[in-house]
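Asker: Sequence and computational prediction follow.
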Amino acid sequence: RASLLEVGGHLVGEGVLDSARDVFFLDFAELEAAVAGKGGDVRETVAARRAVHERERRRRHVPRVMLSDGTEPEAAMAGAAPEGAITGTPASSGTVTGTARVVLDPVGAQLEPGEILVCPSTDPGWTPLFLTAGGLVMEMGGAMSHGAVVAREYGIPAVVGVPDATHRIASGAQVTVNGAAGTVTTPA
């Protein structure tokens, strides 16, 4: 990194880059051409790659599978999901209906017994919330993620990999989590 930053500093002095850190948005062939004075103006390339980098940094849903063009294929479900259902990956079987509680940070968070924990992801710091949770809906993760494993250990229904769950489900909403089908619905 230090050597690349030196190269970036040199290219800033030559008027090729705006910032030494811009070297990290170029590949080695592009850098070699730029140092040799044959790369032309690479600022547009850097700007385009920086825009993609910033967009990816803001991503709240990390796809488990991506196609070569960067898109995420939709998961095929065994059966048709009910109308208006939010779908994800089945993680812990069972069905439960309860009040949703969106929690973005486990520090100081509390769940009433039976509430459905809706969160971006979990790690061991979230485990105390599972003691009273009636179910789990998680934005990231798969069948072997922390939340899925703990939900199975505690015997609570869980659906994981639900895109934008913390925005699509409001705290206080009544929801039904079907951990076998991978669906979250609002009871009629």
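Answerer: In hand now; what should we look at?

Asker: which residue ranges form the helices in this structure?
Answerer: Secondary structure of the chain (DSSP state H): helices at 2-13, 28-35, 43-57, 146-154, 165-168.

Asker: With respect to burial, which of the ones you listed scores highest?
Answerer: Highest mean neighbour count among these (mean count of other CB atoms under 10 Å): helix 146-154, with a mean of 20. (Each C-beta comes from the backbone N, C-alpha and C, glycine too.)

Asker: what's around I116, how many residues?
Answerer: Neighbours of I116 under the rule other CB atoms under 10 Å: 29.

Asker: Outside of the lengthiest strand in the chain itself, list whatever touches it.
Answerer: With secondary structure taken from DSSP state E, the chain has its longest strand at strand 95-102. Residues outside strand 95-102 that contact it (CB atoms under 8 Å, 6 or more residues apart in numbering): 111-112, 114-119, 134-135, 137, 156-157, 166, 169-180, 187.

Asker: which of these count as buried?
Answerer: Those of the contacts of strand 95-102 that meet the buried threshold are 111, 115-119, 134-135, 137, 156-157, 166, 169, 173, 175-179, by 16 or more other CB atoms under 10 Å.

Asker: Apart from its neighbours in sequence, what residue is nearest G135?
Answerer: V177 (3.9 Å; CB to CB, 6 or more residues apart in numbering).

Asker: V160 is in contact with that neighbour, correct?
Answerer: No - using CB atoms under 8 Å, V177 is not in contact with V160, being 10.8 Å away.

Asker: intersection of neighbour lists for these two?
Answerer: L136, V137.
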